[in-house]
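Visitor: Predicted model and sequence below, questions to follow.
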Amino acid sequence: MRITASTLLLLLFACSCAFAGELFGTIEFGDKPVGDGVKLELLSANKESYTCVTDKFGAYRLFVKENGKCTLTIHFKDQSPSVELFSYDKSTRYDWVLEFKDGKYSVRRK
């Protein structure tokens with residue numbers, strides 16, 4: 001029974017990912033990964049929201065159902081810098097660098 005349930009869950013996950021665009025990459029601050037637990041929020045053109053958190057290497061992975069222009073917000077040290085990006089049918093890598101200037105964080109593509 002456990003094997004059947006596990007197989008069904010795996011198939012459902014694989015099917016849902018097949019129709020989604022994958023966004024992945026890393027986030028750095030000061031030439032080092034931001035580390036574990038930094039929250040990312042992506043808002044699609046259709047106002048769908050997707051979230052994830054970074055791992056200990058500053059890596060993230062999001063699956064987005066629709067293509068087009070999106071806004072990525074990185075919640076880092078009580079601030080939330082944002083940047084625009086595009087979601088596609090295929091996997092797309094976006095590596096980001098956080099910068100601190102004049103008391104504010106900003107984000108740019110690496």
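Guide: Received the coordinates, thanks. None of these values were measured; they are calculated from a predicted model.
Visitor: Every contact and neighbour count from this point should use C-alpha atoms.
Guide: OK.
Visitor: for the chain, which spans come out with low pLDDT?
Guide: 1-20 (pLDDT under 70).
Visitor: all strands for this protein, in order.
Guide: 21-29, 32-33, 39-43, 49-53, 59-64, 68-75, 82-87, 92-93, 96-101, 104-109 (DSSP state E).
Visitor: Adjacent strands (with direction) for the fifth one?
Guide: Within its sheet, strand 59-64 is paired with strand 21-29 (antiparallel), according to DSSP bridges.
Visitor: Show me how far the partner strand is from its chain's centre.
Guide: Chain-centre distance of strand 21-29: 6 Å, with Cα atoms, centre = their mean, to the nearest Å.
Visitor: between it and strand 68-75, how many degrees?
Guide: 30 degrees (axes from the mean of the first three to the mean of the last three Cα atoms, to 10 degrees).
Visitor: returning to what we had before: name the stretch among the strands of the chain that sits most buried.
Guide: Comparing these by mean neighbour count (mean count of other Cα atoms under 10 Å), strand 59-64 comes out on top with a mean of 21.
Visitor: How about residues contacting that one?
Guide: 17, 20-27, 44, 50-54, 87 (Cα atoms under 8 Å, 6 or more residues apart in numbering).
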